[in-house]
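Chemist: starting from these lines, generate the structure:
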Amino acid sequence: MPQRAWSKKRERQYEHIKDGLLEKGKSEDKAEEIAARTVNKTRAQAGEARTSSRLSRGDMSPSRRGGLRSHTGEGGRTRDQLYQEAQRKNIKGRSKMTKSQLQKAVDAD
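Modeler: Numbers count the residues shown, from 1 in each chain. Modelled structure (predicted):
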């Protein structure tokens, strides 16, 4: 829910994020929570908030993070994302695997 401390710009941002989440099928409560957290984090990174955690200030922006996760929807993760996950899990032979092979290897591990 928009707060009094938010500027008009942040209120518009909140509504935009909330509407987008509702269109994607999130519940009203969940959409409000995610939108408020996103706006508050953006405010903290922009120096607009009186108090903020060190993590909020130093972490990547919500818009950047969302862009990195944008391929988790219908088309699934990209080959590069699967490869990076296989690398983290130390899956052998990953460099010669196709996207579908990487998907199976990552999911099996």
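
Chemist: who are the packing partners of the longest helix along the chain?
Modeler: Criterion DSSP state H: the longest helix present in the chain is helix 28-45. With contacts taken as 3 or more Cβ pairs under 8 Å, 6 or more residues apart in numbering; DSSP states H and E, helix 28-45 sits against helix 8-23, helix 54-58, helix 62-68. Where C-beta positions appear, they are placed from N, C-alpha and C, glycine not excepted.

Chemist: show me the domain layout of the protein.
Modeler: 1-68, 70-109 (automatic domain parsing).

Chemist: and those as JSON lines, adding mean pLDDT and mean neighbour count?
Modeler: Listed next are the domains of the chain as JSON lines, based on pLDDT from 0 to 100; neighbours: other Cβ atoms under 10 Å:
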{"stretch": "domain 1-68", "mean pLDDT": "82", "mean neighbour count": "14"}
{"stretch": "domain 70-109", "mean pLDDT": "85", "mean neighbour count": "13"}
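
Chemist: Ala31 against Gly25, yeah?
Modeler: No. Contact criterion Cβ atoms under 8 Å: Ala31 and Gly25 do not qualify, at 9.5 Å.

Chemist: quickly list what's touching both of the two.
Modeler: Counting by Cβ atoms under 8 Å, 6 or more residues apart in numbering, Ala31 and Gly25 have no contacts in common.
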